[in-house]
Structure formats: structure tokens, C-alpha cells
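Chemist: no sequence for this one, just the structure:
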């Protein structure tokens with residue numbers, strides 16, 4: 001059962017609530033979302049990895065804002 005949950009997490013990237021619902025529908029097993037969260041944490045899968053190099057605004061846009069603010073003063 002644990003291996004199945006881990007494999008589904010790696011393939012579908014479901015969170016604990018959605019995983020609990022999916023397992024209940026497909027396998028007819030009842031596993032609480034808290035139990036699934038503990039299992040994720042035990043295997044280091046509690047946080048999904050996202051892009052590390054992101055910026056809120058592109059660098060050129062930031063420079064344009066500073067120029068506009070400077071001219072207004």
C-alpha cells in the first residue's frame with residue numbers, strides 16, 4: 001500500500017486530500033489525508049519542486065519603473 005501511494009505521488013503529483021480521494025475511488029482503500037501526509041514527509045515528498053530561478057518582473061521592466069519614478073520627482 002505504501003509503495004502504491006509513493007508511486008502515484010511521483011507520477012501524478014497529487015496532494016494528500018486528492019490522493020486520499022483517488023485511492024478511495026480506484027482501490028477502495030480508506031487512507032486519511034493526514035496519514036498520506038506523514039508518508040510523504042517520511043519519504044521527502046511533502047514539498048513539490050518548482051522552478052528555482054524565477055523573478056517577479058523581468059530585469060528590464062524594473063529599470064523602466066525606476067526611470068519613470070526618477071523623472072516624476
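Modeler: Looks like it came in fine. Quick caveat: nothing in here was measured; it's all calculated off a predicted structure.
Chemist: I figured residue 1 hits residue 28, correct?
Modeler: No. Between residue 1 and residue 28 there is no contact under Cβ atoms under 8 Å: 12.0 Å. C-beta here means a position set from N, CA and C on the backbone, and glycine is covered the same way.
Chemist: Which one of those two is surrounded by more residues?
Modeler: residue 1 (10 against 7; other Cβ atoms under 10 Å).
Chemist: mind listing what that one touches?
Modeler: By Cβ atoms under 8 Å, 6 or more residues apart in numbering, the contact set of residue 1 is 29, 31.
Chemist: again with residue 32
Modeler: Residue 32 makes contact with residue 20, according to Cβ under 8 Å, 6+ apart.
Chemist: What of residue 30?
Modeler: Counting by Cβ under 8 Å, 6+ apart, residue 30 makes contact with residue 24.
Chemist: Check the secondary structure at it for me.
Modeler: At residue 30 the chain is in coil, as set by DSSP: H, G, I helix; E, B strand; the rest coil.
Chemist: Alright, I will stop here.
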